[in-house]
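Novice: just the structure for this:
(chains A and B)
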Amino acid sequence: MNGAPASRWLGAWGVGFLALLYVPIALIFVYSFNSNVVNMMAWEGFTLDWYRSILGLPTQLAKSDNYVQSTATLLAAVRNSLVVATFATLVSTAIGTATALAIARHRFRLRRLYQGLLVLPMVMPDIVLGIALLIFFVSLGLDLGLHTIIAGHCVFLSSYVFVVVSTRLAGMATDLEEASSDLGASPWVTFRRVTLPQIAPGIAGGALLAFIISMDDLVITYFIAGVDSATLPLFIYGILRRGIKPEINALAMLLLAFSFLVAATGLWLRSRRQ
Amino acid sequence: MRTDRADPTPDLEKTSKRAVASPSFAQSQTLLHIRGARRRFATPEGGEVVALDSIDLDVHANEFLTLLGPSGCGKTTLLRAIAGFEALDAGSIALDGQPLADVPPYRRPFNTVFQSYALFPHLCVADNVGYGLDVAGVPRQERNDRVGEALALVGLAGLERRRPRQLSGGQQQRVALARALVNRPRLLLLDEPLSALDRHLRQAMQMELKSLQHRVGITFLVVTHDQEEALVMSDRIAVMQGGRVQQVGAPGEIYDRPVNRFVAGFIGNSNLLSARVTERSGDRVTLASDGGLVLHACHHDLTPGDRVDVLLRPEQLRIDDGTAPSGVALEGTLETSVFVGADRHLRIATAGGDRLTALARHVAGERESRLVVGERVRVTYLPEGVHVMRSAAP
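Specialist: Residues are numbered from 1 along each chain as shown, chains lettered A, B, ... in the order given. Have a look, this model is predicted:
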């Protein structure tokens, strides 16, 4: 008697929560194919014009040629994002993994402090970190550009990699490394033949997370980007200020598809390893 | 053990013979000299634990030596110090007279069988066993041959391509054994090798380890807390407690002539009594236990008044059924009678409050099994069967 209504409420709550999460995304997906030029919320017919417009292909519907100023600017932003994400991921994966190894496998003075300092950027408000980095770069006399974005991203991406790899290391028994050493392997050989294969899924997971976060970051990047170094999120933010046009739906869908692809690749790599 | 290939032992034996014939070995058969080894650990509470408190121990070439003691006695720390995983605070470990202090684990000619086995989960059985050879750069063909020999030696031929998690506990242990032996180490270190196995498998492996050691001719150093295991397998046992070696000797020697109360109590079943020497004539001494028993024993180094600990093994006590009145007699009341298969443990309380356990072979229908709890019994023993140890200073 008592349980049935309660579980009904719980079910409704669950459905409501999922709806809040996915209905907006589903709407954007539908709108991105809507041919209604005036009101994108009223369905008129199917079109691929918004996607064509983004890619600089001739269209019938998209009149505002200068909305996405030019496909070249968009592609430059995409390229900037990929360059930033790739380099920031490589550097922060190396730093994060090395630090996780040091903290997990060695006992040294101020170990706890290092650990705390490394996790701190994750909880620091983005806006504070952004301003701090801006002031830091300016006081060093650096011109803002892709290099400052990469450096800035490394600061907080290393934390994410550190946390993910640390979790994996904690699950790996230290006796494997001792066994390797016992069998005649130098520390480097032990790292290459035992430690690395064991923590590789953690490193890959951390790198993937870092890549997606870097691609996605707006607030910090906003402060430390130069004039010609707009990344994709900055670019989208820029055009949004000139009003919401149907092209934005198509762009959002492309971005979403890319993120899913990256995440799916990661999951696939992981399942293959296990 | 099953061997599909030509018997691989001669090959392994060759190595050890070469080692024995080397000049540094000619005068002494001692492989490892451990002198004054000390090691302390800081506890999280800020205190200190002494794991090794000045250990002196020699490991002889080709022997099966067991480090035996309760948990926390320092035996595992000593094993890890020999392997090179723990540094000593003081003292030295030397191999053929060469100190090992600055030699990292991967340059020591020892291999370890870990308690957890520590098999590499990402490698198959053959690659686990071949790991040491691969790292050493042994040519492919020789490497494969030796891996095959080692797996045949431990009875695992045919499982080369399995992953460790696809093996049973007993099989995993054999892989760990093969992985260590394939490198032909000077010394094989085994950390509680049988503790994860069930009772039947453990007993079978005890015999197998011993015979394996004979065949490969490699020195085995085993850490265990199981006294029965130590008695069955070892050439010599080092009994440890409180970071010290209490006694080193052959199993029989340790069983019959323990040096102190701890060793006597740790090995085998024992009746341990505190007593005082009251009289001595020749090699016969008379002792008065604190519980008021008068005991006779053989010893030629005691004077009346000395405090001693007396060990009377249960099998040295016989229930006197009146037929063969030999030895010295004691009287008491039967408190409990416990049937444990081949034997019956009889617990006897003496008038003064001492409690003694006697062992009676269980034979269907014999008098011991008909003894009733609460009955008065007479027990006899031979003075030669009483072991007397000088008490440690109070």
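
Novice: quick one, strands of the stretch 1-150 of chain B?
Specialist: Remark: strands assigned in the stretch 1-150 of chain B by DSSP state E, counting those that start in this stretch are B:30-42, B:48-60, B:64-68, B:90-95, B:98-99, B:110-113.

Novice: likewise the stretch 151-300 of chain B?
Specialist: For the stretch 151-300 of chain B, applying DSSP E, counting those that start in this stretch gives strands covering B:187-191, B:219-224, B:236-241, B:244-249, B:271-281, B:284-289, B:294-298.

Novice: how about those strands in CSV, adding distance to chain A and mean neighbour count?
Specialist: For glycine as for every other residue, the C-beta is placed from the backbone atoms N, C-alpha and C. CSV is the format used below for the strands of the stretch 151-300 of chain B (distance: least, C-beta to the nearest C-beta, whole Å; neighbours: other C-beta atoms under 10 Å in any protein chain shown):
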stretch, distance to chain A, mean neighbour count
strand B:187-191, 8, 24
strand B:219-224, 13, 24
strand B:236-241, 22, 24
strand B:244-249, 24, 20
strand B:271-281, 38, 16
strand B:284-289, 48, 19
strand B:294-298, 48, 18
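
Novice: let's have these in TSV, adding mean pLDDT.
Specialist: Below are these laid out as TSV (pLDDT from 0 to 100):
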stretch	mean pLDDT
strand B:187-191	95
strand B:219-224	96
strand B:236-241	95
strand B:244-249	94
strand B:271-281	89
strand B:284-289	89
strand B:294-298	88
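
Novice: quick one: closest of the strands of the stretch 1-150 of chain B to residue B:350.
Specialist: For those, proximity to residue B:350 was assessed by C-beta to C-beta; strand B:64-68 is nearest, at 31.4 Å.

Novice: tell me the strands beside that closest one, with direction?
Specialist: The strands beside strand B:64-68 in its sheet (DSSP bridges) come out as strand B:219-224 (parallel), strand B:236-241 (parallel).

Novice: okay, the first one in CSV with CA atoms only?
Specialist: Presented in CSV, the C-alpha positions along strand B:219-224 are these (Å, rounded to 0.1, in the frame of the first residue of the first chain):
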residue,chain,number,x,y,z
THR,B,219,69.2,-22.5,-1.8
PHE,B,220,65.7,-22.0,-0.6
LEU,B,221,64.9,-19.4,2.1
VAL,B,222,61.3,-19.6,3.2
VAL,B,223,59.3,-17.4,5.5
THR,B,224,56.4,-19.0,7.4
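
Novice: by mean pLDDT, flag the weakest helix or strand of chain B.
Specialist: helix B:23-26 (a mean of 39; mean pLDDT, DSSP states H and E).

Novice: on that earlier part again, distance to residue B:282, mean pLDDT and mean neighbour count added to the strands of the stretch 1-150 of chain B, as TSV?
Specialist: Shown next, in TSV, are these (distance: least, C-beta to C-beta, whole Å; pLDDT from 0 to 100; neighbours: other C-beta atoms under 10 Å in any protein chain shown):
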stretch	distance to residue B:282	mean pLDDT	mean neighbour count
strand B:30-42	39	92	18
strand B:48-60	35	92	18
strand B:64-68	36	95	26
strand B:90-95	43	93	16
strand B:98-99	49	92	10
strand B:110-113	50	95	26
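
Novice: show me the contacts for the closest residue to residue B:182 other than its chain neighbours.
Specialist: Spatially, and ignoring its direct neighbours in sequence, residue B:182 is nearest to residue B:150 (3.9 Å; C-beta to C-beta, 6 or more residues apart in numbering or on different chains). Residue B:150 makes contact with B:8, B:129, B:178, B:179, B:181, B:182 under the criterion C-beta atoms under 8 Å, 6 or more residues apart in numbering or on different chains.

Novice: got the contact list for residue B:161?
Specialist: Contacts of residue B:161 (C-beta under 8 Å, 6+ apart): B:124, B:125, B:126.

Novice: if we use 6 Å, what do you get?
Specialist: residue B:124 (C-beta atoms under 6 Å, 6 or more residues apart in numbering or on different chains).

Novice: around chain A, which positions in chain B sit nearby?
Specialist: Selection of chain B residues close to chain A by C-beta under 6 Å from any C-beta of the partner chain yields B:85, B:105, B:106, B:112, B:114, B:116, B:118, B:122, B:131, B:132, B:135, B:136.

Novice: tell me which two of the residues you listed sit farthest apart.
Specialist: Pairwise distances across those (C-beta to C-beta) peak at 23.9 Å, for the pair B:116 and B:136.

Novice: in a helix, residue A:135, correct?
Specialist: Yes. According to DSSP: H, G, I helix; E, B strand; the rest coil, residue A:135 belongs to a helix.

Novice: just the pLDDT for it.
Specialist: At residue A:135, the predicted lDDT confidence score is 94.

Novice: mind checking how far it is from residue A:265?
Specialist: According to C-beta to C-beta, to the nearest Å, residue A:135 stands 37 Å off from residue A:265.
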